[in-house]
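Asks: The following comprises the amino acid sequence and a computationally predicted model.
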Amino acid sequence: MHEPDGPGRDAGPVIALVPAAGRGVRLGADAPKAFVPIGGVPMLGLAVSGLMAAGVVDEIIVMVPAQLVEATAALLPPAAPARIVAGGAERTDSVRAGLANAGDAAYVLVHDAARALTPPTLIARVVAELRAGHRAVVPALPVVDTVKTVDSAGVVTGTPDRSALRAVQTPQGFAADVLRSAYEHPEAATDDAGLVERLGIGVRTITGDPLAFKITTPLDLRLAEAVLDGKQVVGRC
């Protein structure tokens, strides 16, 4: 079990990388998924607003398709401390492009724009764990469904014990040197923590939040719209 590295790791800026070059095929959108609106505001704008509201992020780097770099500025909150750079064909390419522009970062958050309703308090908790000395931190929730493994023919081959399973969310936070080292290797992974795990570095989990769900399908989008509408109604009361 990895223990915090002790005092002295609390200095230095936090830079958040927001990959936003995904095509949104499963969402059925014509535009990149991060540009799809929820309640009239693009997912990307909501995600950036959440990072700002957390009060722990010094700079935000947004990675978008090259042809949309100029247009993206109009989608972000006017006061956002953000830079917009060209992303890549794959998510790892986009994160690598973001890292190349995060020169003075002490800590790096990687946050999916599609997790647009992530509470700022969750973002702040991830950063607090990093500043406490943990080198890699991810929010996670227990898996509530029974999970099966299947073979290529769709036949069940096993039933993992779900008590040991977690569904991982973002932002995922890392000491900057750790994430840079992870991205020096070409192996594929479904999240950034997976690359860090291959370095033999312990990844700390903290309790995630149901609102940090990933908006991937039309049903997810409807849920996000309902949640956001509910928040606006409460705010007007």
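Replies: Done, it's in.
Asks: In terms of pLDDT, where does the closest residue to V18 other than its chain neighbours sit?
Replies: Excluding the flanking residues, the one nearest V18 by Cβ to Cβ, 6 or more residues apart in numbering is V62, at 4.8 Å. In short, each C-beta sits where N, CA and C put it, glycine included. V62 is assigned 97 on the pLDDT scale.
Asks: Helix or strand for V62, just tell me which one.
Replies: strand 59-64 (DSSP states H and E).
Asks: now the closest residue in space to D93 that isn't next to it in sequence: how far from A21?
Replies: In this structure, D93 finds its nearest non-sequential neighbour in G87, 6.7 Å apart by Cβ to Cβ, 6+ apart. According to Cβ to Cβ, to the nearest Å, G87 stands 4 Å off from A21.
Asks: quick one: which of these two has more around it?
Replies: G87 (27 against 23; other Cβ atoms under 10 Å).
Asks: Return the backbone torsion pair for that one.
Replies: phi -90, psi -160 (degrees, to the nearest 10).
Asks: Now for it: which residues touch it?
Replies: For G87, the contact set (Cβ atoms under 8 Å, 6 or more residues apart in numbering) comprises 19-21, 63-66, 93-94, 97-98.
Asks: For PyMOL, what selects the buried ones among the residues you listed?
Replies: Restricted to buried positions by 16 or more other Cβ atoms under 10 Å, the PyMOL selection for the contacts of G87 reads:
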select buried, resi 19+20+21+63+64+65+94+97+98
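Asks: So which of the contacts of G87 belong to helices?
Replies: 93-94, 97-98 (DSSP state H).
Asks: got those residues as JSON lines, with distance to T121 and pLDDT columns?
Replies: Listed next are those as JSON lines, based on distance: Cβ to Cβ, whole Å; pLDDT from 0 to 100:
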{"residue": "D93", "distance to T121": "31", "pLDDT": "92"}
{"residue": "S94", "distance to T121": "26", "pLDDT": "93"}
{"residue": "A97", "distance to T121": "29", "pLDDT": "95"}
{"residue": "G98", "distance to T121": "24", "pLDDT": "96"}
